[in-house]
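Student: Sequence first, predicted model second:
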Amino acid sequence: MFLKLTFLEGKRCKSFFQINPPLKIHVFSSRAIVAKSGDFTAAQTNGNAIAYAWFVWEKGYKGETVVDWIN
């Protein structure tokens, strides 16, 4: 799932991740340009101050989550 990195925050998320650990989290090292309704012209001029990551789950996986960076 492509989610904001803040998805990791909070007590409810902690318990969710303890029960359902992702296999991998791929963090964008630079801010990804994400456009609302596909309007990339506005996104490029306004900038993007939000960090995103790919969260990857594998059914039944119970090991440690691997975190790496892309870009």
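Tutor: Sure, I can see it. Owing to the predicted nature of the structure, the values given are computational and were not obtained by experimental measurement.
Student: Find the centremost residue of the chain, please.
Tutor: Taking Cα atoms, centre = their mean, the centroid of the chain lies closest to Ala53, which sits 2.6 Å from it.
Student: Identify the residues contacting that one.
Tutor: Phe2, Leu3, Lys4, Leu5, Phe7, Ile25, His26, Val27, Phe28 (Cβ atoms under 8 Å, 6 or more residues apart in numbering). Yep, even glycine has a C-beta here, placed from its N, CA and C like the rest.
Student: Mind doing that once more with 10 Å?
Tutor: Ala53 makes contacts with 1-8, 22, 24-28, 32, 67-70, as judged by Cβ atoms under 10 Å, 6 or more residues apart in numbering.
Student: Separate out the buried members of those residues.
Tutor: Buried by 16 or more other Cβ atoms under 10 Å: Leu8, Pro22, Ile25, His26, Val27, out of the contacts of Ala53.
Student: Any regions of the chain where pLDDT drops low?
Tutor: Scanning the chain for pLDDT under 70 picks out the ranges 40, 42-48.
Student: which helix in it runs the most residues?
Tutor: helix 11-19 (DSSP state H).
Student: Give me the contacts around that one.
Tutor: Contacts for helix 11-19 (Cβ under 10 Å, 6+ apart): Thr6, Phe7, Leu8, Gly10, Ile25, Phe55, Lys62, Thr65.
Student: Report the two of these separated the most.
Tutor: Across the contacts of helix 11-19, the longest distance by Cβ to Cβ is 24.6 Å; it joins Thr6 and Lys62.
Student: just to revisit the earlier point, any idea which element the residue nearest to the centre of the chain lies in?
Tutor: Taking DSSP states H and E as the criterion, Ala53 maps to strand 52-56.
Student: Give me the sheet partners of that strand and which way each runs.
Tutor: Sheet pairing here is set by DSSP bridges, and for strand 52-56 it gives strand 2-4 (antiparallel), strand 24-28 (antiparallel).
Student: Adding distance to Lys36, write those strands out as CSV.
Tutor: Shown next, in CSV, are the strands paired with strand 52-56 (distance: least, Cβ to Cβ, whole Å):
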stretch, distance to Lys36
strand 2-4, 14
strand 24-28, 18
